[in-house]
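Asker: only the shape, not the letters, is given here:
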Ligand SMILES: CC(=O)SCCNC(=O)CCNC(=O)[C@H](O)C(C)(C)COP(=O)(O)OP(=O)(O)OC[C@H]1O[C@@H](n2cnc3c(N)ncnc32)[C@H](O)[C@@H]1OP(=O)(O)O
């Protein structure tokens, strides 16, 4: 699948490390970045220079109309908060090396990075991150604001709830249901369903805490 799109403008909300990856994918796909916003630009990261204050606390002043936006914030809860604040249109972007089945769907605001694979009949929600080299197999359902980290592997018929973070290199066996706003630790092996808000680590994965926001 080629996501190439010519002569389109886009704005980015977020100006850190994740933002620079998104910017590269957008530019490779032929987009022009017309603005970068951040609530607290650090000015220390190179992606954090020459940005406009995001004004998340002043909804009236933000230029909601105009070019569509991609939210480039890695923290799932913050990405959700900004998505609810913005009245703008959202763009999605897919690296040219990602492989996405034509029978799968990718929601608005979602980013799919280099080398990721999304197999048939999978539904990816809004403002999701499918990170570098992640493998999301057939018949998965990935909720809004989730993040599947680099090299994580989700087998067939896996569900990942809204806002959940699957850590780098984690493995999830078939038909597992991960609840909402969960954290799956780096390298964990998930062989049982995970309840909402749980943090699970290890092989086999064990719950170490449950934090309801
Ligand atoms: C491009 C990018 O960078 S994408 C970013 C992707 N990011 C990630 O994948 C990060 C994933 N995060 C982790 O794995 C973290 O360790 C978390 C979120 C699971 C836990 O973090 P915290 O809540 O701060 O827990 P903390 O570090 O205090 O550890 C608690 C216990 O769990 C253990 N633990 C933490 N993470 C793991 C892990 N991944 N696997 C096994 N055990 C772990 C710790 O050793 C500790 O054990 P102890 O109590 O016996 O000493």
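Answerer: Perfect, thanks for sending it. Computed from a prediction, not measured in an experiment: that's the story for all the values here. Numbering: from 1, shown residues only.
Asker: run through the residues that contact the residue nearest the centre of the chain.
Answerer: By Cα atoms, centre = their mean, the chain has its centre lying nearest to residue 129, at 1.8 Å. Residue 129 is in contact with 18, 74, 110, 111, 113, 146, 147, 148, counting by Cβ atoms under 8 Å, 6 or more residues apart in numbering. C-beta coordinates here come from the backbone N, C-alpha and C atoms, glycine included.
Asker: now do residue 189
Answerer: Here residue 189 is in contact with 170, 171, 173, 202, 203, 204, 205 (Cβ under 8 Å, 6+ apart).
Asker: doesn't the fifth one lie inside a helix?
Answerer: No: for residue 203, which was evaluated using DSSP: H, G, I helix; E, B strand; the rest coil, the result is coil, with no helix membership.
Asker: now it: how far from residue 150?
Answerer: Using Cβ to Cβ, to the nearest Å, residue 203 is found at 18 Å from residue 150.
Asker: contacts for the longest strand anywhere in the chain?
Answerer: The longest strand of the chain (DSSP state E) is strand 31-38. Residues outside strand 31-38 that contact it (Cβ under 8 Å, 6+ apart): 5, 7-16, 19, 23, 26-27, 47-48, 50-55, 62-63, 66-67, 91, 93.
Asker: name the residues of this structure found near the ligand, please.
Answerer: 131, 149-150, 167-168, 183, 185-188, 199, 201-202, 208 (Cβ under 6 Å from any ligand atom).
Asker: again, only this time at 5 Å
Answerer: By Cβ under 5 Å from any ligand atom, the residues of the chain that approach the ligand are 149, 167, 168, 183, 185, 186, 201, 202.
Asker: quick check: which element contains the third one?
Answerer: Spelled out, that is residue 168. Using DSSP states H and E, residue 168 falls within no helix or strand.
Asker: and the spatially closest residue to it that is not a sequence neighbour, how many neighbours?
Answerer: Distances taken as Cβ to Cβ, 6 or more residues apart in numbering place residue 149 nearest to residue 168, at 4.2 Å, with adjacent residues excluded. When neighbours are counted by other Cβ atoms under 10 Å, residue 149 registers 20.
Asker: returning to that earlier point: from the residues of the chain next to the ligand, keep the buried residues only.
Answerer: Buried residues within the residues of the chain next to the ligand, counting neighbours by 16 or more other Cβ atoms under 10 Å: 149, 167, 168, 183, 185, 201.
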